Structures are given as C-alpha cells and as structure tokens.
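Trainee: can't give you the sequence, but here's the structure:
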C-alpha cells in the first residue's frame, strides 16, 4: 500500500500566492533552472488561474543557468547578476506582470527593486505555507496534493 502523506506542492503554492497578491495578473515570468522551466509544472499550476507563464529563450536561459551555478559557487559577480536582471526585464517587456524566482539561489542576487516588477520568491512562499500549516492557519492538503 502507498503511504498517504500530505505534501506541499511548491508550484501550486506559488500560483496560490500570486492569485492572492495579484488576482488580475494574466502573465508571469519564470526564472529557474533549465530543468525547472522544462518540466512545465509552473505552467500547469498557473493554468487554472488563466495566467500564462513566460519563460526565457535558449540564450537567456543559459544566462540564468550560469547565474544559478555562480551563486552556488559563491562566484556571482555584478556583470552576471545584471545579465540575470536583463533576462527578467526581457520577460517583463514580453508582458510579465511579476517574475517567479523559481530557484533558491535567485533571491540572493535578484530583487523586486532591480527587476522593476513584483518577485515571487518560491522558497519564501513555500516556507510561509509550511508555517501556516504548522500553526493551524491553513488546512493540510490532501495526500494527492490537491486543495
């Protein structure tokens, strides 16, 4: 028999937080690793909100991957950080009304002030959801991960 343990789904939590903060939002940018972007899980989580998830093109995604790797190596310099900001601003120029920082390293080098639009820090949003569950402010999700 399968273990039935409730799980917080980070992409769904980010989508729910976006819906609470920006109920009229129709486009959001996604910055994360190539693998995170490729899974389509953020796109799936935002589908029910009728919010389109915009992702960087291949060259811009390579910049984000380098930025993430540099943060992990404690080697992110200002030039690379600014290149990451420019990738985010490209998503904003394409219509993103907010940007998901979908990797734990990105909030360390990218800020709302630098991006010029609201940033959705996926790690912080997940932590806040865990606190709401732990304090009884929110019900446990079903074991299947549905709300």
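Mentor: Cool, got the structure. Bear in mind the structure is a predicted one, so any value in this text is a computation, not a measurement.

Trainee: Can you report how many residues lie near the nearest residue to residue 141 once chain neighbours are set aside?
Mentor: Nearest non-adjacent residue to residue 141, counting by CB to CB, 6 or more residues apart in numbering: residue 6, 4.9 Å away. In this view, the C-beta of every residue, glycine as well, is placed from N, C-alpha and C. By other CB atoms under 10 Å, 12 other residues sit near residue 6.

Trainee: just use 84 as the starting number from now, easier for me
Mentor: Happy to do that; since the first residue is 84 now, the last one works out to residue 89.

Trainee: I figured residue 89 hits residue 222, correct?
Mentor: No: using CB atoms under 8 Å as the test, residue 89 is too far from residue 222 to be in contact (9.3 Å).

Trainee: can you pull the contacts of residue 119?
Mentor: Going by CB atoms under 8 Å, 6 or more residues apart in numbering, residue 119 touches 113, 125, 185, 186.

Trainee: other SSEs contacting the lengthiest strand in the chain?
Mentor: Across the chain, the longest stretch assigned as strand under DSSP state E is strand 110-114. When contacts are defined as 3 or more CB pairs under 8 Å, 6 or more residues apart in numbering; DSSP states H and E, strand 110-114 sits against strand 135-137, helix 161-176, strand 182-184.
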